[in-house]
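# sequence first, then the predicted structure, then my questions.
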Amino acid sequence: MTASSAEDGVKRMMQAVLEKTRSEDAEVVLMALRCAHRIWSDLGIQVVMSLSEVVMYTSELQDHEDSRVETEVKAMVRTIEDCTGESLHDAMKT
């Protein structure tokens, strides 16, 4: 497997997980966020190619009605910022 095809696979996987965050069911949203967070925790900078999508989806969830979702978004953002060394504060503004 080439690096390019591996990156494509990771990006497709992250996109599929992130799409679940648009569910009406808060439990599905929470599990999708936890999966995306785990991907970032495990793969770190290797997932940077999906950063713009992650920012788009997570910025939509910042003010979610379920406080657990908001908490998970904040935790994932901290992990991403630790991995990239960059603040996502400006990018997360809605």
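That came in fine, so what should we check first? Computed from a predicted model, the values in this text were never measured in an experiment.

# which SSE is the closest residue to residue 79 other than its chain neighbours in?
In space, and not counting its chain neighbours, residue 79 is closest to residue 40: 5.1 Å by Cβ to Cβ, 6 or more residues apart in numbering. The C-beta positions use only the backbone N, C-alpha and C, and glycine is treated the same way. Using DSSP states H and E, residue 40 sits in helix 26-43.

# show me where pLDDT drops low in the protein?
Where the chain drops to pLDDT under 70, the residues are 1-5, 94.

# who's in contact with the residue most central in space within it?
Residue closest to the mean C-alpha point of the chain, counted by Cα atoms, centre = their mean, is residue 54 at 4.2 Å. Residues in contact with residue 54 (Cβ atoms under 8 Å, 6 or more residues apart in numbering) are 14, 18, 36, 40, 76, 80.

# can you do 7 Å?
18, 36, 80 (Cβ atoms under 7 Å, 6 or more residues apart in numbering).

# for residue 25, grab the count of nearby residues.
Using other Cβ atoms under 10 Å, residue 25 has 9 neighbouring residues.

# tell me the secondary structure for residue 24?
The three-state assignment at residue 24 reads coil, by DSSP: H, G, I helix; E, B strand; the rest coil.

# tell me, how many residues neighbour it?
Neighbour count of residue 24, defined by other Cβ under 10 Å: 6.

# where's it relative to residue 70, distance?
Going from residue 24 to residue 70 by Cβ to Cβ, to the nearest Å gives 17 Å.

# which parts of this protein are helices?
Assignment of helices within the chain using DSSP state H yields the ranges 3-19, 26-43, 51-61, 67-84.

# how about the ones you listed, which one is nearest residue 91?
Evaluated over these, closeness to residue 91 peaks at helix 51-61, with 4.8 Å, by Cβ to Cβ.
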